[in-house]
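K.L.:
please find the sequence and the predicted model below.
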Amino acid sequence: MTAAPATTQAEKAAEIEEMFELFDNWEDRYQVLIDLGRKLPPMDLAEKNDNTRVTGCMSNVWMVAHVMQTPSGPVVEFCADSDAAITKGLVSILWYVFNGQPAKNILEFDIDEYLDRLGLIAHLSMNRRNGLFSMVLRVKALAASIQGA
Amino acid sequence: MSVSSIKPGSIAAYDVAAIREQFPLLKQTVHGKPLVYLDNANTTQKPQRVLDVLSEYYTSYNSNIHRASYQIAERSTHEFEEARLKVRTFLNANAPEEIIFVRNATEGINLVAQTFGRMNVREGDEILVSAMEHHANIVPWQMLCEEKGASLKVIPINDDGELLMDEYASVLSERTRLVGIVHMSNALGTVNPVDEIIRIAHQRGVPVLVDGAQSAYHKPIDVQSMDCDFFVFSGHKLYGPTGIGVLYGKQRLLEAMPPWQGGGDMIASVTFEKTIYNDLPNKFEAGTPHIAGAIGLGAAIDWLTDTGMDRIEAYECDVLQYGKEVLSAVPGLRMIGTAKEKASVFSFVLDGIHALDIGTLLDTQGVAIRTGQHCAHPVMKRFGVEATGRASLGCYNTREELDSLVRGLHRVREILG
C-alpha cells in the first residue's frame, strides 16, 4: 500500500487493486470488501427510503447523489449504503473511485474493466451486479448532465 | 413427518455413501473444499441413471412421439408412455389418463387456473390459498380472480409456520370454488395436514389442488388416499431433468375441463370449421412435449422407487433432527419455521447479518445454500424478515455436511462479528 493517502482517482483505484492482489482466496477478498464497506462514510437514516433505493439488488442499496460546485469546477458527490456487508463493500469501491470526481473522470473510467480486473465480475451474482450497475448508471448520468450543461 | 412416525430400523440399511456415489456432480470441490450441496428445495442433483437415460435417448432413439411408424419413433413413443405409467404408479393415480406432462409445477397450476378456474369461477367467487404459498400458487389465482372479479382468500399461519385450521374452516365459504394448498412449504419446511384440509373442503363440495413441488421428493405420495382433486410437482426437484413436470387431476374433472393450449397432438380432427379435441391426456399436451424430460423423469422415479421413498423419508428425517440440534447451538441463529410436522428445510436468520452475506461467505467454504425470499414474499413479511438463508436436504446429504454448514456459520459470524 502507498504511504501517503491516495488522492487522485487513479491512485485510489490502484490502492484498492493492490489490496485485492494481496489475497488469492475468496474469503480474504470478501474480508477486504467488508472492511472497505466499514470505512464508507455513514448515510443518514432519513436518506434511506424508497426514493433513494437502487433497483436490481438482492440486498437493499440506497444512494443519494448530487452535483457539487468547487473552485476547480463541478464534481459529483454521493453517499450510499447497503444492508448487506459485501454489497456495501462493492458500493464503497464505487464511492472511492467516483465520489468527488469531475465529470470527465467519471465518464472516462471503465468501471466494468476495473471490476473485472478485481475479479468481482466473475464472482458475484448477476442480481447484485445489476444493482451495482444501476448505481454506476446513476452516477454516470449525473456526470453526463454536468458535461452537457 | 414427526420422529415418532418413523418406522424403527427403516434407515438402518440406508447406505448414504453408496447413494452419493451415484451423483457425479457431488464429487467436486468449490474454492478447494468439497461441495456441500444444501439447496435441494431449489433443485436436486441427478443420479447417473437419469443422465444415462437422457444420453441414450438422444444417442439412440430421438424421434417425435405419436406421429410415426418407424422403429425408433415407436420406441420413443413407448418410453414416453412408459414414463407416464411410472408417474401414475408413483402417485398411485387411478389411471394414466390422469397424468398430464407439463413443464413444471408452476405450469400445472396455471393450467388448472386457466381451464378449471375459468370454467368454474364467477364474479364474487373465492379461491382459497394459505399464507405460506409459493408465488406459483398465488399469482395464477390472482390473475384468474382479476379476470373474473373473484377474490383470493388466505388461510393464516401461526408463529411456528403452521396453518390455523380453525381459521381455515371459517374462511372456507359458500363462494369458495377451489382450495390451493402447498403440501410442504419451500420457505418454512412445514408439512401441511392435506388429508384433513381436503376432507373439510370436500364436505362443502370444494375441490382441492395440492402443490407437491416440495413434498413429492421427500415422502411417498398417494393421490387416491389423499383424495386431492389436483396434484402438481416438478421433475427437476425429483432428481429428474428440468423442464418436465406433472399435473395429476381426477379423470372426471380433467374430462370436463376445456383444453388450454391448442396445437398438434391435442386434437382428434381439424377442419377450418371445427376442431374435435383429443382424449385425455393428449387434450392437455399440445405440441411436441419434452420427450427426453419425461423419459428422464421416469428414470428418476425408477431410481427413487428402487431406493425407497419411505426409506428416503426416514433417513432425511433423521438428518433433519440432527440439523435442528446442531443449528440451534449457533449463537444468534433464529429458525424461521418451527412446525411440529416439518421436513428437509432449515430457513434461518443470523442476528445482524444479511442472508446474502451468509450465502456468499458460505460459498467460500464450499457450502451451497439459497438466500433471499424463496419466491414467498408474503411468508417473509409474515415473519418480519427481509430474507432468510435456507439449507435444504436431499436424499444424499449427511450429518457431516450439516457439521460443515455449522462450521461455516461460525466462520461467517467471526468475519462479520
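P.N.:
Structure received. Small disclaimer: the values here were computed from a predicted structure and weren't measured.
K.L.:
B:Tyr168 reaches B:Ile197, doesn't it?
P.N.:
Yes. Counting by C-beta atoms under 8 Å, B:Tyr168 touches B:Ile197, with 6.8 Å between them. In short, each C-beta sits where N, CA and C put it, glycine included.
K.L.:
neighbours around the closest residue to chain B within chain A, how many?
P.N.:
At 3.7 Å from chain B, A:Ala84 is the closest residue in chain A, using C-beta to the nearest C-beta. Here the count is done by other C-beta atoms under 10 Å in any protein chain shown, and A:Ala84 has 29 residues near it.
K.L.:
and it, what does it touch?
P.N.:
A:58-60, B:354, B:356-357 (C-beta atoms under 8 Å, 6 or more residues apart in numbering or on different chains).
K.L.:
between the two ends of stretch B:95-102, how far is it?
P.N.:
End-to-end distance of stretch B:95-102 (C-alpha to C-alpha, to the nearest Å): 17 Å.
K.L.:
let me redo that: stretch B:144-159
P.N.:
30 Å.
K.L.:
what's the average pLDDT for it?
P.N.:
Confidence over stretch B:144-159 (mean pLDDT, whole number) is 98.
K.L.:
any idea of the pLDDT on the residue of chain A closest to chain B?
P.N.:
pLDDT, read off for A:Ala84, is 90.
K.L.:
quick one: secondary structure of the residue nearest to A:Met68 when sequence neighbours are not counted?
P.N.:
Spatial nearest neighbour of A:Met68, excluding adjacent residues (C-beta to C-beta, 6 or more residues apart in numbering or on different chains): A:Glu77 at 4.5 Å. The three-state label given to A:Glu77 by DSSP: H, G, I helix; E, B strand; the rest coil is strand.
K.L.:
now stretch A:51-65 - C-alpha only, PDB.
P.N.:
The C-alpha trace of stretch A:51-65 is given here as PDB (Å, rounded to 0.1, in the frame of the first residue of the first chain):
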ATOM      1  CA  ASN A  51     -36.900   7.100  -3.300                       C
ATOM      2  CA  THR A  52     -33.200   6.500  -2.800                       C
ATOM      3  CA  ARG A  53     -33.300   2.700  -3.100                       C
ATOM      4  CA  VAL A  54     -31.400   1.400  -6.100                       C
ATOM      5  CA  THR A  55     -33.300  -1.300  -8.000                       C
ATOM      6  CA  GLY A  56     -31.800  -4.600  -9.000                       C
ATOM      7  CA  CYS A  57     -30.300  -5.600  -5.700                       C
ATOM      8  CA  MET A  58     -30.900  -8.800  -3.700                       C
ATOM      9  CA  SER A  59     -29.900  -6.700  -0.800                       C
ATOM     10  CA  ASN A  60     -31.000  -3.100  -0.200                       C
ATOM     11  CA  VAL A  61     -28.800  -0.300  -1.600                       C
ATOM     12  CA  TRP A  62     -29.600   3.300  -1.100                       C
ATOM     13  CA  MET A  63     -27.800   6.200  -2.800                       C
ATOM     14  CA  VAL A  64     -28.100  10.000  -2.900                       C
ATOM     15  CA  ALA A  65     -26.000  11.800  -5.400                       C
END
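K.L.:
what ranges of the stretch 251-400 of chain B fall below the confidence cut-off?
P.N.:
By pLDDT under 70, the stretch 251-400 of chain B has no low-scoring segment.
K.L.:
who in it is up against chain A?
P.N.:
B:353-354, B:356-357, B:360-361, B:363-365, B:371-372, B:386-387 (C-beta under 8 Å from any C-beta of the partner chain).
K.L.:
where along chain A do the helices fall?
P.N.:
Remark: helices assigned in chain A by DSSP state H are A:9-21, A:26-38, A:85-98, A:103-108, A:111-117, A:120-123, A:126-148.
K.L.:
how far away is B:Asn181 from B:Ser225?
P.N.:
Heads up, residue B:181 is Ile, not Asn. Per C-beta to C-beta, to the nearest Å, B:Ile181 is found 16 Å from B:Ser225.
K.L.:
more neighbours: those two, which one.
P.N.:
Neighbour count, other C-beta under 10 Å: between B:Ile181 and B:Ser225, B:Ile181 has more, with 24 against 9.
K.L.:
give me the pLDDT for that one.
P.N.:
On the pLDDT scale, B:Ile181 gets 98.
K.L.:
same question for B:Pro8.
P.N.:
Per-residue pLDDT puts B:Pro8 at 48.
K.L.:
for A:His123, same thing?
P.N.:
67.
K.L.:
so A:Val32 touches A:Glu17, yeah?
P.N.:
No. Applying C-beta under 8 Å, one finds A:Val32 not in contact with A:Glu17, separated by 10.8 Å.
K.L.:
which one's more surrounded, these two?
P.N.:
A:Val32 (16 against 12).
K.L.:
how much space between the nearest residue to that one once chain neighbours are set aside and A:Leu36?
P.N.:
Counting by C-beta to C-beta, 6+ apart, A:Val32 lies nearest to A:Met19, which is 5.2 Å off, once chain neighbours are set aside. The gap separating A:Met19 from A:Leu36 is 8 Å, by C-beta to C-beta.
K.L.:
repeat that for B:Asp125.
P.N.:
56 Å.
K.L.:
please name the residues that touch whatever residue of the stretch 1-150 of chain B ends up closest to chain A.
P.N.:
Minimum separation of the stretch 1-150 of chain B from chain A (C-beta to the nearest C-beta) falls at B:His31, amounting to 5.9 Å. For B:His31, the contact set (C-beta under 8 Å, 6+ apart) comprises A:25-27, B:363-366.
K.L.:
and for the closest residue to chain A within chain B, the neighbour number?
P.N.:
Among the residues of chain B, B:His354 lies nearest to chain A; the distance is 3.7 Å by C-beta to the nearest C-beta. Neighbour count of B:His354, defined by other C-beta under 10 Å: 25.
K.L.:
got a list of what it touches?
P.N.:
A:59, A:83-85, A:87, B:386-387.
K.L.:
need the phi and psi values for it.
P.N.:
When read as degrees, to the nearest 10, the backbone of B:His354 gives phi -70, psi 140.
K.L.:
distance-wise, check the closest residue to it other than its chain neighbours relative to A:Tyr30.
P.N.:
Using C-beta to C-beta, 6+ apart and skipping the chain neighbours, the partner closest in space to B:His354 is A:Ala84 (3.7 Å). Between A:Ala84 and A:Tyr30 the computed distance is 11 Å (C-beta to C-beta).
K.L.:
same check, this time on B:Ser225
P.N.:
Applying C-beta to C-beta to B:Ser225 and A:Tyr30 gives a distance of 50 Å.
K.L.:
over to B:Gly293?
P.N.:
In terms of C-beta to C-beta, B:Gly293 sits 38 Å off from A:Tyr30.
K.L.:
and what of B:Leu254?
P.N.:
52 Å.
K.L.:
show me where the stretch 151-300 of chain B has helices.
P.N.:
With helices called from DSSP state H, counting those that start in this stretch, the stretch 151-300 of chain B shows them at B:165-171, B:194-203, B:223-226, B:251-256, B:291-307.
K.L.:
out of those, deepest packed?
P.N.:
Mean neighbour count, computed with mean count of other C-beta atoms under 10 Å in any protein chain shown, is highest for helix B:291-307 among the helices of the stretch 151-300 of chain B, reaching a mean of 23.
K.L.:
what residues does chain A have near chain B?
P.N.:
Counting by C-beta under 8 Å from any C-beta, chain A sits next to chain B at A:25-27, A:30-31, A:34, A:58-60, A:83-87, A:124, A:128.
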